[in-house]
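Novice: Have a look at this prediction, sequence included:
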Amino acid sequence: MKTVFYSELLKKYFETEEECKKAEEEYNQKHAVELKAKEERARRAKEVNDAYAHYVELKNKFIKDYHEFHMTYRDKDDDIESFFDYLFKLI
């Protein structure tokens, strides 16, 4: 009768105990890296959400004090594009 080793973690059978342990160690190492990446992502997402909540709070206080809020977004190229748009309108 042949002896087989079963890994509860991997739900697989192995020929030798060494193969079983090696496969479980590799799985644990890979899983640890994935778990660390998920934790890092969750931490950074929470940081972004907290920053956004702080932004909303500050914006609402500003609106309460000054009754309006306006925010202008500009790229570096906006000024050049505006200049050319102005020239083409003259032509």
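Specialist: Yep, it's here. Keep in mind that this is a model prediction, so the values were computed, not measured.
Novice: Please, which helix or strand holds the spatially most central residue of the chain?
Specialist: The residue lying closest to the centre of the chain (Cα atoms, centre = their mean) is Arg41, at 4.6 Å. For Arg41, the host element (DSSP states H and E) is helix 17-66.
Novice: next one: that helix to chain centre, how far?
Specialist: Offset of helix 17-66 from its chain centre (Cα atoms, centre = their mean, to the nearest Å): 7 Å.
Novice: and it, what other elements does it pack with?
Specialist: Packing partners of helix 17-66 (3 or more Cβ pairs under 8 Å, 6 or more residues apart in numbering; DSSP states H and E): strand 5-7, strand 12-14. No exception for glycine: its C-beta is placed from N, CA and C like everyone else's.
Novice: buried residues in the first one?
Specialist: Counting neighbours by 16 or more other Cβ atoms under 10 Å, one finds that strand 5-7 has no buried residues.
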